[in-house]
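Student: Quick one: sequence and predicted model below, then my questions.
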There are 2 protein chains.
Amino acid sequence: MKKKFRSSCIIASALDLIGDKWSLLIIRDMLLFEKKTFKDFAESDEGIATNLLSTRLKMLESIGLLTKRKLPANKKTNVYLLTNKGIELAPIIMEIVVWSDRHVREEHSEMNAYDRSQNKIGMIEAVQEAYREFIRKTIA
Amino acid sequence: MKKKFRSSCIIASALDLIGDKWSLLIIRDMLLFEKKTFKDFAESDEGIATNLLSTRLKMLESIGLLTKRKLPANKKTNVYLLTNKGIELAPIIMEIVVWSDRHVREEHSEMNAYDRSQNKIGMIEAVQEAYREFIRKTIA
């Protein structure tokens, strides 16, 4: 079996879990857009291949970033929800947004707008609280 | 040629540039450990393959995260230094450290310690200032 962690570095170890091109985008879809089904994720603009999506979801579940469950009202469709470990990725995603707005926009003119006047910490908390409320309503 | 950006998403676009398993580790080596030569990077604990390292360095230079130059005292060895665009990745790296300390440590007992009592914003500024001073001394 492949070793899970490349080194004892605290940064490398995190990237061993979430440092690929797709994991953080699935987390983004859940946290910011409240997507929750395989079909939801597959429809995102980046066009992830379904086999890759399937592998990523299993991996993210295995490392405890999300849970997979069925809801009473629909016994056929799996619903994916972030755990606290996943929700707490919000500050990393926020800093990616800030850096991207400042340094990537210049070479990517079609990039979505970002309101720089917003308070960063307030936005992170609002996103996390909104997602927790979304979980409560979804599993109610 | 492969399209550079997968979508207009501000998060995905940043990950299109730095969202692989190695780029942020090279940035870490530069910013936190003041590594500056190919040999320095190749010796890191994660054991990056030299062909991969070579590709990554070229890519990071092409997107303006680092510059490659020779120093007057040594005309043979290439020296890699972060640009401002690269130095400003510090807040992302800091949030990765915080998340990793809180959520990855439990499954990775050999992970390096992190002093939680430190002020986050102060640490980011100190790291960036120290690296800017390192650049000044290196190219002086």
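Tutor: Arrived safely, thanks for sending. Numbers count the residues shown, from 1 in each chain, chains lettered A, B, ... in the order given.
Student: Now do the strands in chain A.
Tutor: Assigned by DSSP state E, the strands in chain A fall at A:66-71, A:74-82.
Student: what residue is smack in the middle of chain A?
Tutor: residue A:27 (0.7 Å; Cα atoms, centre = their mean).
Student: That one touches residue A:57, doesn't it?
Tutor: No. Residue A:27 is not in contact with residue A:57 according to Cβ atoms under 8 Å; the separation is 11.1 Å. C-beta here means a position set from N, CA and C on the backbone, and glycine is covered the same way.
Student: Okay, helices next: where are they in chain A?
Tutor: For chain A, the helices defined by DSSP state H occupy A:10-18, A:23-33, A:38-42, A:50-62, A:84-87, A:90-103, A:120-139.
Student: quick one: is the first one near chain B?
Tutor: Translated: helix A:10-18. Yes. Contact of helix A:10-18 with chain B (Cβ under 8 Å from any Cβ of the partner chain) involves A:10, A:11, A:12, A:13, A:14, A:15, A:16, A:17.
Student: One more: the longest one?
Tutor: No. Residues of helix A:120-139 are not located near chain B by Cβ under 8 Å from any Cβ, the shortest gap being 9.5 Å.
Student: what about that helix, distance to the chain center?
Tutor: Chain-centre distance of helix A:120-139: 13 Å, with Cα atoms, centre = their mean, to the nearest Å.
Student: From the contact counts, what lies against that helix?
Tutor: helix A:23-33, strand A:66-71, strand A:74-82, helix A:84-87, helix A:90-103 (3 or more Cβ pairs under 8 Å, 6 or more residues apart in numbering or on different chains; DSSP states H and E).
Student: Just put the ones you listed in JSON lines and tack on mean pLDDT and distance to residue B:117.
Tutor: Shown next, in JSON lines, are the helices and strands packed on helix A:120-139 (pLDDT from 0 to 100; distance: least, Cβ to Cβ, whole Å):
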{"stretch": "helix A:23-33", "mean pLDDT": "97", "distance to residue B:117": "28"}
{"stretch": "strand A:66-71", "mean pLDDT": "96", "distance to residue B:117": "31"}
{"stretch": "strand A:74-82", "mean pLDDT": "95", "distance to residue B:117": "28"}
{"stretch": "helix A:84-87", "mean pLDDT": "98", "distance to residue B:117": "23"}
{"stretch": "helix A:90-103", "mean pLDDT": "97", "distance to residue B:117": "18"}
